[in-house]
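Asks: Quick check, what structure comes out for this input:
(2 chains)
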Amino acid sequence: MVISQDIKKYIMTNIIKLKLFISGTTFRSQKAREYAGLLVADRDDIELDIIDVVQDPDAAEASKVLATPTLVKTSPPPERGVVGELKDLDNVKDFLEL
Amino acid sequence: MIEKLSTHIPGFDHISRGGLPAGRTTLISGTAGSAKTLFAAQFLIQGIRHGQPGVFVTFEETPEDIRSNLRSLQWPVEQYEKEGKWIFVDASAGQNHQQIELGDYDFNAVLARIKLAAKKVQAKRISLDSLSAVFNQFDNPGIIRRELFSMARGIKSLGATAVLTSERQEEYGPIGRFGVEEFVADNVIILRNILEGEKRRRTIEILKFRGTTHHKGEHPFTVTREDGIVIIPLSSLQLTQRSTSTRFTSGNRELDSMCGGGFFRDAILLVSGPTGTGKTLIATEFLAGGIKEGHKSLIFAFEESREQLFRNASGWGIDFEKMEEEGKLKVICLYPESAGLEDHMLHITKVIREFNPQRIAIDSLSALERVSTIKGFREFVISVTALIKEKQVMGLFTTTTTKLLGGSSITEAHISTITDSIILLRYVELSGEMRRALTVLKMRGSAHEKSIREFTIDGKGMHIGDRLTGLSGIIASDSKEF
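Replies: Numbers count the residues shown, from 1 in each chain, chains lettered A, B, ... in the order given. Model (predicted):
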């Protein structure tokens, strides 16, 4: 029991957490959503959270986001962000160290 | 008709004829240090004091910096935040992580946050500081320009009255650094911090008020510890028709008769002459004469100390000390260099409003010339005159001419048109003796004696004697006997 808790914890702490902030159904936001989907396909170690700032402005406030779309890697540190529709996925991966 | 929202920023509602256009966006542009952020913050503070909550969107300083800056002005932002009257939207770069841009983006997130904040406090006012700082946080100027428009539109759709600041690089140059700022907002106001003849001068100018009126030109302002930005309105001067022909004594019977029976109740008088001719004496008799008629009198002395003034007065048989004890007189001695002209103006205004005198003397105006630029001085004189006219009191200014014999002063040149009466004092060289002469040069709304009279001064004050005949060129300084 104790061991499996530790393993769980180990996996949890090594999981990559991404947040994608979009706004409604704008073209830019839809594009970013698609690209982000490609980014996490076949990756069990990435957790992607999609937040629509129009519906959930509190989340935008909490993360102090200014622009949409914005993809933020919240963990592991350092925290980094990519602004824009993410069209160059290789660059996104490089910068976020995925 | 566009409605206006009273800002309650001192003086602003006057120069803007009622405040900022309500429900619209106004750009406040100025160089670094021109008090833009202060204007934006004061706009909210004054709103809260009048029951209108506000949102402060900061792209530049962190909320913590702004709180602590405003604390020194005794504006309790934190308390207002707790009471739900002030809310920050922190869009400052401080907390931001590393970030790159890949592709197109918009500012919908910050707009959603502004909307949320406005809803939370039921905002009537929004301040955004500054548009220019947005350009430091993002790379693509084309996108930023487009998005600033849509952000301004979004803010406007909230129905609140908004102030957007922006930074410019020259005092008299393009309105904004990025060429887009002035088009983003409905209205444009410029704040300036000009270095003129080694003196700093702050001014505010309303450049554009779409669809409504305002007073044109630059208006000086100052920043005080208690009130923040205080604008000094210049254009309130209107030479309204005299409502009364009531006259009061000048404090000297002979001078009264030369003036056709005394001074008018709301007259502005200028006494001009070289040093030692008796200007302070005329001012002293003017105050004492008023007190005898039951008027409260006030003097601002910029040239002599209290002790000196009191000694002078008692030398002419006038007891200033007793008058002040009885609350009929107030003597305020100020050192001209102790403050800028704007601050002197505020002080004078405050004392006049508190003491509520019927007579005011300033001895001398020319002492204040030293501490100001010519333009600033002229504005000061106009402001003081406007205040005196507004209060319907008698005002007497003295001014020192630079030449001992004849000559004129800069003060005269600047204010002679707004005074109702001018009294000239001169030294006259006559048969190997220096004597004093006086003439009433102008008396608006009344006939007056045009002769030049000799006068003497003794322990009972001024005595006006006979006409000086057989002489010419006294006023122009080269008297000649025929």
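Asks: correct me, but B:I352 touches B:A386?
Replies: No. Because the distance of 11.7 Å does not satisfy CB atoms under 8 Å, B:I352 is recorded as not touching B:A386. Every residue, glycine included, has its C-beta placed from N, CA and C.
Asks: okay, those two: which has more neighbours?
Replies: Each of B:I352 and B:A386 has its neighbours counted (other CB atoms under 10 Å in any protein chain shown); B:I352 has more, 21 against 18.
Asks: who touches the closest residue to B:D139 other than its chain neighbours in this structure?
Replies: Spatial nearest neighbour of B:D139, chain neighbours left out: B:E101 (5.3 Å); criterion: CB to CB, 6 or more residues apart in numbering or on different chains. By CB atoms under 8 Å, 6 or more residues apart in numbering or on different chains, the contact set of B:E101 is A:V82, A:V83, A:G84, B:F138, B:D139, B:N140.
Asks: didn't the fourth one look like it was pressed against B:R145?
Replies: Right, the one you point to is B:F138. No. With contact defined as CB under 8 Å, B:F138 does not reach B:R145; the gap is 10.7 Å.
Asks: can you confirm B:I144 is in a helix?
Replies: Yes. Note on B:I144: a helix contains this position according to DSSP: H, G, I helix; E, B strand; the rest coil.
Asks: Give me the neighbour count for it.
Replies: Other residues within reach of B:I144 by the criterion other CB under 10 Å amount to 21.
Asks: check contacts around it.
Replies: B:I144 makes contact with B:V134, B:F135, B:F138, B:F178, according to CB under 8 Å, 6+ apart.
Asks: Please tell me how far the third one sits from chain A.
Replies: Applying CB to the nearest CB, to the nearest Å, the value for B:F138 to chain A is 7 Å.
Asks: Tell me the confidence at that residue?
Replies: Looking at B:F138, its pLDDT is 92.
Asks: for the one 3 residues further on, same thing?
Replies: We note a pLDDT of 91 for B:P141 in this prediction.
Asks: So which residues on chain B come close to chain A?
Replies: Proximity of chain B to chain A, by CB under 8 Å from any CB of the partner chain, involves residues B:89-91, B:95-110, B:112-113, B:115-117, B:137-138.
Asks: Mind checking which of those are buried?
Replies: Among the residues of chain B next to chain A, those that count as buried by neighbour count (16 or more other CB atoms under 10 Å in any protein chain shown) are B:89-91, B:99, B:101-110, B:112-113, B:115-117, B:137-138.
Asks: Identify the residue spatially nearest to the most centrally placed residue in chain A, adjacent ones excluded.
Replies: Ranked by distance to the mean C-alpha position of chain A (CA atoms, centre = their mean), the top residue is A:L18 at 2.1 Å. The spatial neighbour of A:L18 that comes closest, neighbours along the chain excluded (CB to CB, 6+ apart), is A:L48 at 4.8 Å.
Asks: now B:S257
Replies: In space, and not counting its chain neighbours, B:S257 is closest to B:E449: 7.4 Å by CB to CB, 6+ apart.
Asks: Hmm, the one you found is touching B:E254, no?
Replies: No. Assessed by CB under 8 Å, B:E449 is found out of contact with B:E254, at 10.0 Å.
Asks: Name the residues of stretch B:247-265 that are buried.
Replies: In stretch B:247-265, counting by 16+ other CB under 10 Å, buried: B:247-252, B:254-256, B:258-265.
Asks: what is the rounded mean pLDDT of it?
Replies: Here the average pLDDT along stretch B:247-265 is 88.
Asks: how far does that stretch sit from the chain's center?
Replies: The chain centroid and the centroid of stretch B:247-265 are separated by 31 Å, computed with CA atoms, centre = their mean, to the nearest Å.
Asks: And stretch B:18-36, by the same measure?
Replies: Remark: stretch B:18-36 is offset 19 Å from the chain centroid, using CA atoms, centre = their mean.
Asks: Please point out which parts of it sit buried.
Replies: B:18-21, B:23-31, B:34-36.
Asks: taking the residues you listed one by one, which sit in helices?
Replies: With helices taken from DSSP state H, the overlap with the buried residues of stretch B:18-36 comprises B:K36.
Asks: Check the secondary structure at the residue in the stretch 151-300 of chain B positioned nearest to chain A for me.
Replies: Ranking the residues of the stretch 151-300 of chain B by distance to chain A (CB to the nearest CB) places B:M151 first, at 10.0 Å. Classification of B:M151 into helix, strand or coil gives helix, according to three-state DSSP.
Asks: Name the nearest residue to it, sequence neighbours excluded.
Replies: With CB to CB, 6+ apart, the residue lying closest to B:M151 is B:F107, at 5.0 Å.
Asks: Which residues are in contact with the one you found?
Replies: Residues touching B:F107, when contacts are defined by CB under 8 Å, 6+ apart, comprise A:L66, A:A67, A:T68, B:E147, B:L148, B:S150, B:M151.
Asks: mind redoing it with 10 Å?
Replies: By CB atoms under 10 Å, 6 or more residues apart in numbering or on different chains, the contact set of B:F107 is A:23, A:66-68, B:91, B:114, B:134, B:138, B:143-144, B:146-148, B:150-151, B:154.
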